[in-house]
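Novice: Need the 3D shape of this:
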Amino acid sequence: MKKTAAWLAVYALQQLGIRFTFGIPGVHNTELYDELNNADALAPVLVTHEGGASFMADAVSRAADDTIGALAIVPAAGLTHAASGIAEAFIDGIPMLVLTGGIRSDTEHRFKLHEIDQLAIARPITKAAFRVLRHEDVVPTIFEAYRIATGGLPGPVLVELPVNLQLFPGEIDELPAWRAPEPASPPDPALIREAAALLKSASHPGLFVGWGARHAVDELAGIAELLQAPVATTLQGLASFPAEHPLHAGFGFSASAVPAARNAFRDCDAMLAVGTRFAEIPTGSFAAKVPHALVHVDIDPSVFDANHPARVAIAGDAKAVLGALATELRRLGGRPADEALAARIARDKQAYRDEWLRHDSADRINPIRFYDELRLRASDDAVTVLDDGNHTYLTAELFPLRRGGRLLVPTDFNAMGYAVPAAIGAKLAQPSKEVFAIVGDGCFMMTCMEIVTATVRSLGIVWYVFADGELSQIAQAQQMPYNRKPCTALGALNIEGVALATGAAYVSMDSESRIGPAIDEARRLAREGRPTIVDVRIDYSKRTAFTTGTAASTFRRFPLSQRIRFATRALLRKATG
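Specialist: Here you go, the predicted model:
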């Protein structure tokens, strides 16, 4: 039979259950878009910028239970525009299919439109990159790309389809059907027994969980209760353990963590770490003290011993490993309830809240009052989307994510501009769920025009824009050592004008008396299918525990001579103004 590569690509995507592609059509993929337009249960989504497309695809993979995100983009500029979102997915372990057009492979002319080595560009930010040169390889290559993208540590994979293969039919012998891979082998029973014995023998065990543990909430809760151990999470893993659980301590456990987590882990002598790499952000600039008795569980064995040596390292799916570990711990016998531990965590959490409630925000909005009202109203199973900035750590410290909730946040690569398009991807993936984003005005300005995509599709999403007129996270980081804040003041942004330009509804939250009414109005508009922007006049004058602690930890890692230089300069500038 004769088929074009465009037809074959769409066939492969449908076999894989891909529900959306994101991108912009161009001369090198018009045939692909024509075939996408004919496809059942596969919708091509037009975006305003390929960077937004890649963030949407990332969010679909994070939010959906039945599909992963896919791009359908033009070569060259389409790929480089999308590179930030592809790299974010790569660093964060998010599966993604990246289908690009390609220059003609059947002519020898040089200086073709979009002629660039896309595989070389993709190599550092993808798990693999393929260039298809024969029609019969289209479907097998896309299937293999999907296997790689979803297998082991997930990530993006690129497939380049030259335009001549898309346009002109070629002979193929058969249409292969997708066969899901065999389930992974169960964990080694000897390692499970060793890990259980190590944790059971500890006086003060603790759990540290990341994104990789998000499907093992019940198993984590069971282990925490058997060990009577506090649980801290990474930033990306904030929804991996419910905040209402009495053993939930908070985000991180280093000097950058909230008091509940710092205190709960102070005497930790054995740790179960699951789905975390002990990266810079959750460890407070590598200041976290990790006990020698470390049991490390991760799908990616390359993380073992990278920053902290593991006494027991178990490579595998978190749910399977933790299920086996919980069974073994039950066999060994659980500990009696540590009511003092739970009471101390609750007391420390309340004390931190009280500290924020006492803060005088003058005529602006105290973050704790915003988060309290949002938590009171938002659904427990809502999808929360964050960007990169001060609002990220305020949310991590002040907004408890309950069982069933999901959190989408860029981490480690930390691409600003994530939240606006990612919320669109999340809503497409979970149309029946409440989806809202919390985003700083600097991040919002990067991708706010993508709200047009939500308006066209009548997606009821709320973006709470924390507006203070500067890049506050960096401004605070500058103020402490430099006593000045160069290049962080933003230009005047008329957020209501953005709403008008994109067809979104606009809601003002300009005082604390408006918090509850504004949230109610925004949620009502979203339920009606209206994209809604809430202009939050936030007060950033009080620093988060993360900002203060991480600045101090980073400074302490400087060489002594540089600490003296920085401290002297800061004191001199403070004295002289």
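
Novice: Tell me where the stretch 1-150 of the chain has helices.
Specialist: 5-15, 30-38, 50-63, 77-92, 118-122, 138-150 (DSSP state H, counting those that start in this stretch).

Novice: Could you say which of those helices is packed most deeply?
Specialist: With neighbours taken as mean count of other Cβ atoms under 10 Å, the helices of the stretch 1-150 of the chain reach their highest mean count in helix 50-63, at a mean of 30. Yep, even glycine has a C-beta here, placed from its N, CA and C like the rest.

Novice: Could you list every helix and strand that that helix packs against?
Specialist: For helix 50-63, the elements it packs on are strand 20-23, strand 69-73, helix 77-92, strand 96-102, strand 406-408, helix 419-429, helix 441-447, judged by 3 or more Cβ pairs under 8 Å, 6 or more residues apart in numbering; DSSP states H and E.

Novice: now the ones you listed in TSV, with mean pLDDT and distance to residue 232?
Specialist: Formatted as TSV, these follow (pLDDT from 0 to 100; distance: least, Cβ to Cβ, whole Å):
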stretch	mean pLDDT	distance to residue 232
strand 20-23	98	34
strand 69-73	98	29
helix 77-92	97	19
strand 96-102	97	29
strand 406-408	98	15
helix 419-429	98	24
helix 441-447	96	26
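
Novice: follow-up on the earlier one: mind checking the helices of the stretch 1-150 of the chain for the one nearest to residue 229?
Specialist: Proximity to residue 229 (Cβ to Cβ) singles out helix 77-92 among the helices of the stretch 1-150 of the chain, at 26.4 Å.

Novice: Report the angle between the closest one and helix 50-63.
Specialist: Angle between the axes of helix 77-92 and helix 50-63 is 30 degrees (criterion: axes from the mean of the first three to the mean of the last three Cα atoms, to 10 degrees).

Novice: Would you convert the helices and strands packed on helix 50-63 into JSON lines that also reports distance to residue 534?
Specialist: Converted to JSON lines, the helices and strands packed on helix 50-63 look like this (distance: least, Cβ to Cβ, whole Å):
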{"stretch": "strand 20-23", "distance to residue 534": "25"}
{"stretch": "strand 69-73", "distance to residue 534": "26"}
{"stretch": "helix 77-92", "distance to residue 534": "25"}
{"stretch": "strand 96-102", "distance to residue 534": "30"}
{"stretch": "strand 406-408", "distance to residue 534": "18"}
{"stretch": "helix 419-429", "distance to residue 534": "13"}
{"stretch": "helix 441-447", "distance to residue 534": "11"}
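
Novice: Which among these is found nearest to residue 253?
Specialist: With Cβ to Cβ as the measure, strand 406-408 is the member of the helices and strands packed on helix 50-63 nearest residue 253 (18.4 Å).

Novice: hang on, the earlier thing: of all the helices of the stretch 1-150 of the chain, which one is nearest residue 278?
Specialist: Among those, if distance is taken as Cβ to Cβ, the winner is helix 77-92, at 14.7 Å.

Novice: Quick check: which of the helices and strands packed on helix 50-63 is nearest to residue 211?
Specialist: Closest among the helices and strands packed on helix 50-63, using Cβ to Cβ: helix 77-92, at 7.2 Å.

Novice: and the angle for that closest one with helix 419-429?
Specialist: Interaxial angle of helix 77-92 relative to helix 419-429 (the same axes, to 10 degrees): 80 degrees.

Novice: The stretch 101-250 of the chain: strands as residue ranges?
Specialist: 128-131, 156-162, 170-171, 205-209, 231-233, 248-251 (DSSP state E, counting those that start in this stretch).

Novice: So which of those strands has the densest surroundings on average?
Specialist: Scoring the strands of the stretch 101-250 of the chain by mean neighbour count under mean count of other Cβ under 10 Å gives strand 231-233 as the most buried, with a mean of 31.

Novice: Need the contact partners of it.
Specialist: With contacts defined as Cβ atoms under 8 Å, 6 or more residues apart in numbering, strand 231-233 is touched by 206-210, 220, 224, 240-241, 245, 247-253, 257, 261, 264-265, 282.

Novice: What pairs with that strand, parallel or antiparallel?
Specialist: strand 205-209 (parallel), strand 248-251 (parallel) (DSSP bridges).

Novice: Next, format those as TSV and append mean pLDDT.
Specialist: As requested, the strands paired with strand 231-233 are exported to TSV (pLDDT from 0 to 100):
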stretch	mean pLDDT
strand 205-209	98
strand 248-251	98
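
Novice: Looking at these, which is nearest to residue 530?
Specialist: Closest to residue 530 of those, according to Cβ to Cβ: strand 248-251, at 32.3 Å.

Novice: export the closest one as PDB, just CAs?
Specialist: Extracted C-alpha coordinates of strand 248-251, given in PDB (Å, rounded to 0.1, in the frame of the first residue of the first chain):
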ATOM      1  CA  HIS A 248       3.200  15.900  56.600                       C
ATOM      2  CA  ALA A 249       6.000  18.400  57.600                       C
ATOM      3  CA  GLY A 250       6.300  20.600  54.400                       C
ATOM      4  CA  PHE A 251       8.600  21.400  51.500                       C
END
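
Novice: Starting from that strand, tell me the next helix or strand along the chain.
Specialist: On the C-terminal side of strand 248-251, the nearest following helix or strand under DSSP states H and E is helix 259-264.

Novice: Do a quick rundown of the strands in the stretch 301-450 of the chain.
Specialist: Along the stretch 301-450 of the chain, counting by DSSP E, counting those that start in this stretch, strands occupy 312-315, 383-386, 406-408, 435-440.

Novice: Setting the sequence-adjacent residues aside, check what's closest to residue 434.
Specialist: Here the nearest residue to residue 434 in space, its sequence neighbours aside, is residue 382; by Cβ to Cβ, 6 or more residues apart in numbering that works out to 4.0 Å.

Novice: picking that back up, compare the strands of the stretch 101-250 of the chain and give me the one nearest residue 34.
Specialist: Of all these, strand 156-162 sits nearest to residue 34, with 13.6 Å by Cβ to Cβ.
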